[in-house]
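Engineer: Dropping the sequence and predicted coords here.
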Amino acid sequence: MSNQMQLKFLSRSENEVFARNVVAAFALPLNPTLSELSDVKTAVSEAVTNCIVHAYAGGEGWIVLDCETQGRTLHITVSDSGRGIEDVDRALTPFYTSVPGEERSGMGFTIMQTFMTEFSVRSEAGKGTKVDMRKCFGAEAEADAR
C-alpha cells in the first residue's frame, strides 16, 4: 500500500518543527521504531534548516516537502528555489559550511546521510536545491533496500 502528501510552507524557523512533526505523523502507519522515527525527524529538520539558512539566507521563500510511502519505505524530498549550491561535492564534506561566521557545524548533510537509508542532493546555482531521502523501516525493509 502506498500514500503520498505534499506540503508547501515559508522558510521561517518556526516551520522546521512543523515539517518534522508532519513527516513523523505521516510515517506512523509504517510502524517505525522510536529510533527510526527520530532519525527521520532529525534528517527532515536538517534539510529544512538548510533551506532556511542557506537557500534563502535570511530572506523568505517557499520550501516544498513531498513524502511517499511504499511498503515499509518512506521517500522524502525537500526542495527550495533559493540560491542553490555551487559545489555540491564540497557542501557534502563534513564540517564544511558556507556561513563560517555563524555558529554552524557543517554537519547537516552528513547527518542526513547517516540517518537515512539513501540520500542524494541535486542543486543548480541560482535555481535551488532538492534533497531526496529514503528510510526503510524494519529488518525486512533494510534487506529489500540492498
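Structural biologist: Good, I have the coordinates. Residues are numbered from 1 along each chain as shown.
Engineer: Show me the longest helix that occurs in this protein.
Structural biologist: Looking across the chain with DSSP state H, the single longest helix is helix 34-50.
Engineer: Give the other helices and strands that that helix contacts.
Structural biologist: In this structure, helix 34-50 packs against helix 14-27, strand 62-70, strand 73-80, helix 108-115, strand 128-136, with contacts taken as 3 or more C-beta pairs under 8 Å, 6 or more residues apart in numbering; DSSP states H and E. Yep, even glycine has a C-beta here, placed from its N, CA and C like the rest.
Engineer: looking at those, which is closest to Ala47?
Structural biologist: Between Ala47 and the helices and strands packed on helix 34-50, the shortest separation by C-beta to C-beta is 3.9 Å, and it involves strand 73-80.
Engineer: residues touching Leu74, list them.
Structural biologist: Val23, Phe26, Ala27, Leu30, Val40, Cys67, Glu68, Arg134, Lys135, Phe137 (C-beta atoms under 8 Å, 6 or more residues apart in numbering).
Engineer: how does it look with 10 Å?
Structural biologist: Contacts of Leu74 were listed using C-beta atoms under 10 Å, 6 or more residues apart in numbering, and they are 3, 23, 26-27, 29-30, 32, 36-37, 40, 67-68, 116-117, 133-137, 141.
Engineer: again, but for Arg134
Structural biologist: Under the criterion of C-beta under 10 Å, 6+ apart, the neighbours of Arg134 are 68, 70, 73-77, 116-120, 145.
Engineer: One more pass at 6 Å, please.
Structural biologist: Residues in contact with Arg134 (C-beta atoms under 6 Å, 6 or more residues apart in numbering) are His75, Thr117, Glu118.
Engineer: Just the buried ones from those?
Structural biologist: His75, Thr117 (16 or more other C-beta atoms under 10 Å).
Engineer: quick one on the thing from earlier: mind putting the helices and strands packed on helix 34-50 in JSON lines, mean pLDDT included?
Structural biologist: Listed next are those as JSON lines, based on pLDDT from 0 to 100:
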{"stretch": "helix 14-27", "mean pLDDT": "97"}
{"stretch": "strand 62-70", "mean pLDDT": "98"}
{"stretch": "strand 73-80", "mean pLDDT": "98"}
{"stretch": "helix 108-115", "mean pLDDT": "86"}
{"stretch": "strand 128-136", "mean pLDDT": "96"}
